[in-house]
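1. Make a model of this:
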Amino acid sequence: MGEYNTTQLDDLFVAMSDGTRRAILARLAQSDARVTELASAFPISLNSTSKHIRILERAGLVKRTVQGRDHVLSLNAAPMAAAAEWMALYRRFWDSRLAALEDFVLRNRNKNKPGSTQ
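-> Numbering: from 1, shown residues only. Prediction:
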């Protein structure tokens, strides 16, 4: 099993647990945007949007560059790879469990039919 930075994964899952933050990430996946541009797309204040952005920055999902007076944000999806890798461990677990269940059902499906000789 791979080793994961617990704090990094915690920050990532906290950042992605909120719908507004996921919407910000989806918007940044299309193109970079100024903070004020992002804020205008949501029914919340600039201050609230800034708080969401700081959480995304802490998780490493958003990079900020300052161009004069504009703060331009861009998506950094690389940290999601660690989360996907961590989740893949559990996918393999559930895939094997579901395969075992399927084998069990297929082996035993005739046992419960009326007139079965087993």
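2. Just the buried residues of stretch 34-50, please?
-> Using 16 or more other Cβ atoms under 10 Å as the test for burial, stretch 34-50 gives 35, 38, 39, 49. In short, each C-beta sits where N, CA and C put it, glycine included.
3. Please apply the same query to stretch 57-65.
-> Those would be 57, 59, 60, 61, 62, for stretch 57-65 by 16+ other Cβ under 10 Å.
4. Give me the contacts around that stretch.
-> For stretch 57-65, the surrounding residues in contact (Cβ atoms under 8 Å, 6 or more residues apart in numbering) are 8, 11-12, 14-16, 24-25, 28, 53, 56, 71-80.
5. Among the residues you listed, which lie within helices?
-> Judged by DSSP state H, the subset of those located in helices is 8, 11-12, 14-16, 24-25, 28, 53, 56, 79-80.
6. Show me just the buried residues among these.
-> 11, 12, 15, 16, 24, 25, 28, 53, 56, 79, 80.
7. any chance of the residues you listed in JSON lines, plus distance to residue 45 and pLDDT?
-> Formatted as JSON lines, these follow (distance: Cβ to Cβ, whole Å; pLDDT from 0 to 100):
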{"residue": "11", "distance to residue 45": "24", "pLDDT": "93"}
{"residue": "12", "distance to residue 45": "25", "pLDDT": "94"}
{"residue": "15", "distance to residue 45": "19", "pLDDT": "96"}
{"residue": "16", "distance to residue 45": "22", "pLDDT": "94"}
{"residue": "24", "distance to residue 45": "14", "pLDDT": "97"}
{"residue": "25", "distance to residue 45": "20", "pLDDT": "97"}
{"residue": "28", "distance to residue 45": "19", "pLDDT": "97"}
{"residue": "53", "distance to residue 45": "13", "pLDDT": "97"}
{"residue": "56", "distance to residue 45": "17", "pLDDT": "98"}
{"residue": "79", "distance to residue 45": "27", "pLDDT": "91"}
{"residue": "80", "distance to residue 45": "28", "pLDDT": "91"}
